[in-house]
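Participant: Sequence and predicted structure, then a few things I'm wondering about:
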Amino acid sequence: MPRQQPLPPARASSWPGPLQHAPWRTALAAGLLALTGAAAHAADTIGTVDTAFKFIGRDHDIIVEAYDDPAVQGVTCYVSRARVGGIKGTLGLAEDKAEASIACRQVGPISFPKASVKPQEEVFTERMSLLFKRLRIVRMVDAPRNTLVYLTYSDKLIEGSPQNSVTAVPVDRAMPIPVKK
């Protein structure tokens, strides 16, 4: 049996390891997390109702979710929408239907933590397919009637759907809605 030569002593590499001297990686990861957190607000799932049995994967269902308006304290929007089940739906590869319903309600005293709200602003968005389809909720201010109007619709990269749903939350006239000019 030939005699093995001992390995040369390990020397320090001039190339930094994955956790050494890479502050740009940390900054990039923090930036991506901040962007994803700012782009979407988490919804609270209120409940689901099965609409069709799927042998493998999640059943087709209707989900009801609650979204608190980030710019208007005391307003919550309830959205119901269909979700595709099966293997593709479970893996997030299926495209959900463009149908959704919305009902926004005053659930507490209404206040505006920010100094003002935009006359029209997208307040929530949620992915309905892997890449291209999104459910959107837009808040509009009807200043003459002192009312917040919420519209939900879906869109794709190329074309959206004309299906939509609208709801309104009147605000007491003693508190005019501060609209950003």
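Facilitator: Yep, that arrived.

Participant: how many other residues sit next to the nearest residue to residue 69 once chain neighbours are set aside?
Facilitator: Spatial nearest neighbour of residue 69, chain neighbours left out: residue 75 (4.5 Å); criterion: CB to CB, 6 or more residues apart in numbering. The way it works is simple: take the backbone N, C-alpha and C, and place the C-beta from them, glycine included. Neighbour count of residue 75, defined by other CB atoms under 10 Å: 22.

Participant: element containing residue 75?
Facilitator: In this assignment (DSSP states H and E), residue 75 forms part of strand 73-83.

Participant: Tell me the buried residues in that strand?
Facilitator: 74, 75, 76, 77, 78, 79, 80, 81, 82, 83 (16 or more other CB atoms under 10 Å).

Participant: Show me what it is packed against.
Facilitator: Here strand 73-83 touches strand 44-52, strand 60-68, strand 100-111, strand 134-142, strand 147-155, going by 3 or more CB pairs under 8 Å, 6 or more residues apart in numbering; DSSP states H and E.

Participant: Low-confidence bits of this protein, can you list those?
Facilitator: 1-41, 52-55, 57-59, 84-98, 128-132, 156-161 (pLDDT under 70).

Participant: hmm, back to that, thought the residue nearest to residue 69 was touching residue 168?
Facilitator: No. Contact criterion CB atoms under 8 Å: residue 75 and residue 168 do not qualify, at 10.8 Å.

Participant: Are there residues contacting both of the two? Which ones?
Facilitator: Common neighbours of residue 75 and residue 168, counting by CB atoms under 8 Å, 6 or more residues apart in numbering, are 104, 148.

Participant: follow-up on the earlier one: could you save the helices and strands packed on strand 73-83 as CSV and add columns showing mean neighbour count and distance to residue 122?
Facilitator: Shown next, in CSV, are these (neighbours: other CB atoms under 10 Å; distance: least, CB to CB, whole Å):
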stretch, mean neighbour count, distance to residue 122
strand 44-52, 11, 19
strand 60-68, 18, 12
strand 100-111, 15, 14
strand 134-142, 19, 5
strand 147-155, 19, 10
